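Asks: next come a sequence and a model predicted from it.
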Amino acid sequence: MADPMRIRAVLVGEKVEAKVLIRHDMETGKRKDSTGALVPPHFIQTLTAKYEDRVVLDTVMGIAVSKDPFISFKFKDGVKGGKLTVTWVDNTGDTRTDTAVIT
Amino acid sequence: MNKSRRDFFRTSSMLGLVIASGFYGSSNVLAAEWKTNSFGAKSLADALKEIGVDNYTISSDVSVNSAEIAENGAVVPVSISSAIPNTEYMAILVEKNPNPLAVAFSIPSGTDAAITTRVKMGSTSSVYAIVKADGKWFAASKEIKVTLGGCGG
């Protein structure tokens, strides 16, 4: 089971500022381990952020996103106490969903 | 199998496709589909072609922001933004990476066309932001110098 994400969602003025930090190796499949064997690719492919039931960001990513991906973005019409839910799926089918309350 | 029954299945499956495509086109369900062809493309031109960019305009309303020099190519913070109304899609491409397309974002209305993330860079390269707004494509680029590559091992 993947580690939980760290999600911060703060209402600033009219917009919610969201910061998402994911713990994930984002292996390219091109790196070799100490024995010289290729480490198989293991990376997040899709990430979706929803405010309540509304999609606020939809992302597809490749191996060139850094290890432990970080994404920040802003959206309108969110209120304090509302829920921001982020889901990712990686190339092995592993997935994780976490929710943060807007402060 | 009798013919009318087969026709029925054919029609209903086509109808299903039509409904499904309409569903994906609706504002709340964006198709976050990972495409091997676009992420696997080995040149900037091929990656753009796979994304569906036929031609684009360099625009001062699109920007790529980062430090001039990235000490560690494995973690290069990059911000992209677009001041073009109705920006619906944004992507980051690193021209000299083995696969230039790094990440792409669908921007629903209500979400700012401004995103910060961190990408890997194998070497010093131009980094492109490509933006789709009202069906047209716009771009901006910035050279980021890398002193230690992030794609080897």
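Replies: Okay, I see it. Residues are numbered from 1 along each chain as shown, chains lettered A, B, ... in the order given.
Asks: residue A:46 is in contact with residue A:91, correct?
Replies: No. The criterion here is C-beta atoms under 8 Å, and residue A:91 misses it with residue A:46 at 9.9 Å. The C-beta positions use only the backbone N, C-alpha and C, and glycine is treated the same way.
Asks: let me know the pLDDT of the residue of chain A found nearest chain B.
Replies: Closest to chain B within chain A is residue A:31: 3.4 Å, counting by C-beta to the nearest C-beta. Predicted confidence (pLDDT) for residue A:31: 89.
Asks: repeat that for residue B:147.
Replies: 89.
Asks: ok, now which ones touch it?
Replies: Going by C-beta atoms under 8 Å, 6 or more residues apart in numbering or on different chains, residue B:147 touches B:69-71, B:73.
Asks: for chain B, which segments count as strands?
Replies: B:57-58, B:62-65, B:69-70, B:76-82, B:87-94, B:101-106, B:114-119, B:125-133, B:136-146 (DSSP state E).
Asks: out of those strands, which gets the lowest mean score?
Replies: strand B:69-70 (a mean of 94).
Asks: check the offset of it from the chain's centre.
Replies: Its chain's C-alpha centre and that of strand B:69-70 lie 23 Å apart, by C-alpha atoms, centre = their mean, to the nearest Å.
Asks: just the buried ones from the contacts of residue B:147?
Replies: B:70, B:73 (16 or more other C-beta atoms under 10 Å in any protein chain shown).
Asks: quick check, nearest of the contacts of residue B:147 to residue B:145?
Replies: residue B:69 (4.6 Å; C-beta to C-beta).
Asks: right, and the closest one touches residue B:144 too?
Replies: Yes. Between residue B:69 and residue B:144 there is a contact at 7.5 Å, judged by C-beta under 8 Å.
Asks: sec struct for the residue lying farthest from the centre of chain A, please.
Replies: Relative to the centre of chain A, the most outlying C-alpha is that of residue A:35, 31.2 Å out, by C-alpha atoms, centre = their mean. Secondary structure state of residue A:35, per DSSP: H, G, I helix; E, B strand; the rest coil, is coil.
Asks: give me the pLDDT for it.
Replies: For residue A:35, the predicted pLDDT is 93.
Asks: burial of residue B:55, as a residue count?
Replies: 7 (other C-beta atoms under 10 Å in any protein chain shown).
Asks: got the residues of chain A near chain B?
Replies: Within chain A, the positions adjacent to chain B are A:15, A:28, A:30-32, A:39, A:45-48, A:53-67, A:69-77 by C-beta under 8 Å from any C-beta of the partner chain.
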